[in-house]
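>>> Build me a model:
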Amino acid sequence: MSYLIEAFKVIFLGIVEGITEWLPISSTGHMLLVDEFIHMNQSEEFKKVFFVVIQLGAILAVVLLFWKRLWPFGKNKPEKKKRRIWNLWFKIIVACLPAAVLGLALDDWIDAHFYNSVVVAVMLIVYGIAFILIERRPRVPTTTKLSRITYRQALLVGAWQVLALIP
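Predicted structure coming up:
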């Protein structure tokens, strides 16, 4: 019977992950908060691995969804299109650098200080208020096509992405 209850907890966490991964909110933070209420009867090490593995489904969905647009090695793709795809990949790498550098350097410290329900709850409130305030500001987009993102803009996106290190 306890296996069935644990299976329902896993299914519920999967639903939470599936919904929150596609929204501009912390899926990890929401899973940490849900675990505070349903308490998976597993070790902390298992939970950490589970939270990473469960997010692979969403990542694989994105890969499948955008495979043709992001794969530069297609036989029938013109050279110009292949160059644009490679250029986009280099910008993606630039955008990942700030969070990768800080995340690798501060991984243990971040885990020790930020992966708890109090920090997650506070940050959900803070980021929620920030989203509301930012969305209320009238603005006109300066870049409307993916191909027109500059390396500077990619780095700026990456700098803001550092905030995602706090669940």
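>>> So which bits of the helix or strand hosting residue 45 are buried?
According to DSSP states H and E, residue 45 maps onto helix 44-70. The neighbour-count check on helix 44-70 (16 or more other CB atoms under 10 Å) flags 50-51, 54 as buried. For every residue, glycine as well, the C-beta is placed using N, CA and C.
>>> Ok, stretch 21-37 next?
21, 26-35.
>>> Which pair of those residues spans the longest distance?
Greatest spacing in these, by CB to CB: 21 and 35 (16.2 Å).
>>> Kindly provide the distance from the residue lying closest to residue 42 once chain neighbours are set aside to residue 89.
Of all residues not flanking residue 42 in the chain, residue 50 sits nearest, at 7.2 Å (CB to CB, 6 or more residues apart in numbering). Distance from residue 50 to residue 89, counting by CB to CB, to the nearest Å: 30 Å.
>>> pLDDT below threshold where in the protein?
1 (pLDDT under 70).
>>> which residues in it form helices?
Along the chain, counting by DSSP state H, helices occupy 2-20, 27-38, 44-70, 79-105, 107-114, 117-136, 151-161.
>>> between those helices, which gets nearest to residue 142?
The nearest among these, by CB to CB, is helix 151-161 at 8.6 Å.
>>> got the contact list for the closest one?
Residues from elsewhere that reach helix 151-161 (CB atoms under 8 Å, 6 or more residues apart in numbering): 90-92, 94-99, 143.
>>> Tell me the gap between stretch 83-91 and the middle of its chain.
Mean C-alpha position of stretch 83-91 versus that of the full chain (CA atoms, centre = their mean, to the nearest Å) differs by 21 Å.
>>> Show me which residues of it are buried.
In stretch 83-91, the ones that count as buried by 16+ other CB under 10 Å are 85, 88, 91.
>>> which non-adjacent residue is nearest the last one?
What it means is residue 91. Counting by CB to CB, 6+ apart, the nearest residue to residue 91 once its immediate chain neighbours are dropped is residue 154, at 4.1 Å.
>>> And the first one, by the same measure?
In space, residue 85 comes closest to residue 72 once its chain neighbours are excluded; the distance is 4.0 Å by CB to CB, 6+ apart.
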